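# sequence and computational prediction follow.
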Amino acid sequence: MFQDLFKKILFIFLISFRIWIPAQNSPGISLDIRNESRADKADILDLMVVLNNEGATHFKGKVEINIPDGFRNISGNSLQVDMKPGEHLFLPVKILVSNNAGSGEARLAFRLSDQQNKTVVEKQILYTVTENNSMRITAENPVIYMNKATDSVEVRARVSNLGNRKQNVTVVFKIPEADQGNAFIEKKGSIGVQKDSVFIFRFMPSRIRSRSSQISVNIAGFREPDREIFGNTTVSIQNVSSVQRYEDMESTAFSNFTKNTITASYRHAGENLDMYQLVGSGGFNLPSGYLFIRGNIYTMNHQSDPIVNNTYLTYHRENSEFTVGNINKLLEVSMFGRGVEYAYTSPDKDKKIEAGFVDQTFSLIERNSFLKYGYGFYTRGVLGAQNASRNISGTYIFRNDPYEKARHHVAGTDIQSAFGKDWKMNTKIYGGLSFYENNQPTKPSLALESQYSGMIKKISLNGNYFYSTDYYPGNRRGILQIQQNFSTMIFKDHYVYANIMASQFSPKFYFYNNTLNSSNIRLDAGINFPKKGNFGMGFGYQYQEENSNSYNNFFNAQPYEDTKQLKAQRLTEYLTWLSPDKQHSSILSMETGLVRYPDNDKPQYQMRVSGTYSYKWLTLNGIYQHGSYFLSEYAFSKMLNKSNTYEKLSLSAFVNKNFFDNKLNITSGVSYTDDILYGKSPSGFLNLKYSREKYALYLNSSYFNYSSGSFNNNLFTIEAGVTVNLRNSTLDPGKKGDIKAFVYYDLNENNIYDEGDKEAAGYLIMLNTISFKTDPSGYISYRSIPYGKYALKQVIQQGWYYDETEFTVDKHHYSLEIPLHQNGTTQGKVTYDFDTKTAVDFTPKTGGILFNIYRNDQLVQHIMTDDNGEFASFLPSGNYRIELNKNSLPTNTYCDRSTAAFKVEAGKIAQLEPFVIKVREKVIRVKKFGS
């Protein structure tokens, strides 16, 4: 009995094991599979089924092949077998691996059965399908015509999964909004193998944007979960009104684009201060050039005249620029006030010269102050303005200074150069000559500056060196400054750095007798370690030395005698953390060390701890300091007769969050400071801003409290305002004109509008890339266009066409007539011809088969069959050639006649012979070898 049970178990085991090894029910018949596939044909599995009849009887049967989805057996899934005793049979099998075959391991099963369909032998082989994640994104309608500003727009993006696994995707639509901003809309989806999915987004263009000649919607596709981009496309939304204004679509993101706004506000501060302010800026094109205006005017109670500053008008024409109003010029000797400026830039923008005169008065309309507070003029020339690696400029400045009672002349040059790809240097050399009144001597002066950056092996270096004499009349008088930085990577991922800064400040004036003298030395060195998970850290060393005689009064010493010194050495540490979802972050830093104060030879302990935490719209900060870090802090402590160590505590929290689709923004913060100088000082602010397309409202408020000893002060400020957004402009400094075109049906074909012809209402016309739709009288108007060449592009419709041409606009009013000629129609279709018994497997396709149409071997049009396999084309009269795009045919199909010539005549239909698509047939090869 035990023996029978063992046989049954062994029998069941062998039955289950035949999945992997041949299982023979009929001895003498063997089956083997040979893989003869070629490496250069990865999509074809070339197999050989080898059968061997080693028995003594004649065998008849069949081999059945079972393949998974995505595989197609070109040889057929059932092969007949007829073998004599001792005969060997070789059956070739070709299996096509389609694009929709799932990635991973696939099992191909082969079963040999006899005439009673009983299994003789079974065998399986494994085939690994390489993963393919190819995807494609296209715009179903690359051009969308918008007839009215109130029209909604539907953008359709088709995403095709060309790979062999299901994929999750995110499609992002970037919609241009008002004031040159953008809105990003995301659509998510899952796309099966070899499937398409259409992502649709509908929106209403903003009123400001809807008046533009065209809007570009950028679409990008991302593969999830790694957010890997796999493609992008663009949809152009054309405003087809009959009247349009020129917009430079390529320069709107740069300096020629201006936002035109006006803001009016009221501010109340403290108990009795009221201020009214009007601010605005904008520009508009002129027939030649453009004007740009910026203004700022405000007045306060108990003030006789308003203050007007930062207000000017600039006129640009061609390469020249004229400015009148407030001039703010940051030169070696800065000039601020009211005046005029002229600038000229060469056509290649490589050379520039500018000159200006400035009356140094704060308000533009201040009375009785002309040249009272000083004046000056300047000129500056640049060579190589567009060359960042090599350019030179020269500057001359004159300034009359009534405070110093002197006339200053300053001239110099700036040289910027690059050496190789790593080294850059900027050198400035300026000389001054000052003529003083009251018999003071003429004083020459000098200023030198050098800035550089570069690398030596893997060490990054950059430095800044500056020197000026004590009476130099420039912005930086009597200064010696040295700053040098080093940094490099060690051990591949450790960042080390060292920065040193030394400065000496000792300016001198004839009108102000002082011996001001201060100096500073600071050294920072440290190492930043590589991140470990979500944490980062670093250590460093600081040396600080400050010397100055500015605070001698606080130490009961004579002014400007010996300098007082503060010297400190500290160790620094920091720790950073970033959450895995990158929503939370924090920084904690600490400085500890010893400091030597003036009038105290004993080193004192000092420290400072600071921390920051951020989460999306929330930021928290805290600082605690023990000990004075600067002479000023120590001096004020001495002034207040505080013998205790200086301490400071500062806490703050800030919020910045948007609501209601970013229409409402709330920014708020609170802070608290406690130290010897400011006492206990809480403060806070709350700002609200509500923004719409044409306007914005805001309300700002702040509160500050100062309490030190018996002194207490509160200051509350509130401000309300409104901003009006006017139509934005793309400014052009060149000459501009208008195009007015008349479009008509030229019924008598003489290219002249005469009796019998008719105006073309509602017809689409394209100038360059801008589309127009004619008004009821057949007219279109294109305004404020720069002088230059323009192209009339072909848009065939309604059985009519116009000739493409180029023309040059060289006057303010350019008239154009566009005659329409009747075109001819070409029609055709595709058909299939195949034998269902012998044809290989294929997927019939009638729609989406592409044709190219040529005239004189020049491509003129792409057309595509509809779902019925038909196509039609409207073309001007002439001889053409049409060619079928074979890449658009289904797999395993072909077309013997893929081209055809035809003639188009106006008002007639040219019917083409059908294009016959054929299907490839099965091929079965059988090899027999007898004994």
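Everything's here; your move.
# so how far is residue 525 from residue 724?
Counting by Cβ to Cβ, to the nearest Å, the separation of residue 724 from residue 525 is 54 Å. Heads up, the C-betas are built off the backbone N, CA and C, glycines and all.
# so those two - more neighbours on which side?
Ranked by neighbour count (other Cβ atoms under 10 Å), residue 724 and residue 525 place residue 525 first, with 16 against 13.
# check which residues of the strand or helix carrying that one are buried.
Element membership for residue 525, per DSSP states H and E: strand 518-528. Neighbour counts over strand 518-528 (16 or more other Cβ atoms under 10 Å) mark 518-522, 524-526, 528 as buried.
# kindly reformat the residues you listed as CSV containing distance to residue 662 and pLDDT.
Formatted as CSV, the buried residues of strand 518-528 follow (distance: Cβ to Cβ, whole Å; pLDDT from 0 to 100):
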residue, distance to residue 662, pLDDT
518, 48, 91
519, 50, 94
520, 45, 96
521, 49, 97
522, 43, 96
524, 41, 97
525, 45, 97
526, 41, 96
528, 36, 96
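# kindly confirm my reading that residue 229 is in a strand.
Yes: according to DSSP: H, G, I helix; E, B strand; the rest coil, residue 229 belongs to a strand.
# measure it to residue 200 for me?
Taking Cβ to Cβ, one finds residue 229 at 20 Å from residue 200.
# and what of residue 685?
Counting by Cβ to Cβ, the gap from residue 685 to residue 200 is 44 Å.
# ok, these two, which is more surrounded?
More neighbours surround residue 685 than the other of residue 685 and residue 200, with 16 against 12 (other Cβ under 10 Å).
# so that one, which of the three states?
strand.
# so it touches residue 656, yeah?
No: counting by Cβ atoms under 8 Å, residue 685 does not reach residue 656; the two are 11.8 Å apart.
# now for those two: what residues contact both?
Taking Cβ atoms under 8 Å, 6 or more residues apart in numbering as the criterion, residue 685 and residue 656 both touch residue 667.
# one step back: now, among the buried residues of strand 518-528, which is nearest to residue 56?
Taking Cβ to Cβ as the measure, residue 56 lies nearest residue 528 of the buried residues of strand 518-528, at 84.3 Å.
# and the gap between the closest one and residue 496?
Plainly put, residue 528 is 8 Å away from residue 496 if you go by Cβ to Cβ.
# show me where the stretch 1-150 of the chain has strands.
Under the criterion DSSP state E, counting those that start in this stretch, the stretch 1-150 of the chain contains strands at 29-35, 44-53, 59-66, 71-73, 78-83, 88-97, 104-114, 119-129, 135-139, 143-146.
# which residues does the fourth one contact?
What that stands for is strand 71-73. Outside strand 71-73, the residues that touch it by Cβ under 8 Å, 6+ apart are 45, 65, 67, 93-98, 101, 106, 108, 840-841.
# pull out the buried members of those residues.
Among the contacts of strand 71-73, those that count as buried by neighbour count (16+ other Cβ under 10 Å) are 45, 65, 67, 93-98, 101, 106, 108, 840.
# now, the most widely separated pair of these?
Pairwise distances across the buried ones among the contacts of strand 71-73 (Cβ to Cβ) peak at 19.9 Å, for the pair 106 and 840.
# can you show me the CA trace of the helix or strand harbouring residue 265 as CSV?
Using DSSP H and E, residue 265 maps to strand 261-269. What follows is strand 261-269, C-alpha atoms only, in CSV (Å, rounded to 0.1, in the frame of the first residue of the first chain):
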residue,chain,number,x,y,z
THR,A,261,0.6,101.2,-13.1
ILE,A,262,-0.6,104.1,-10.8
THR,A,263,-0.8,103.8,-7.0
ALA,A,264,-2.5,106.2,-4.7
SER,A,265,-2.1,105.9,-0.9
TYR,A,266,-2.7,107.5,2.5
ARG,A,267,-0.5,107.0,5.5
HIS,A,268,-1.1,107.9,9.2
ALA,A,269,1.8,107.6,11.6
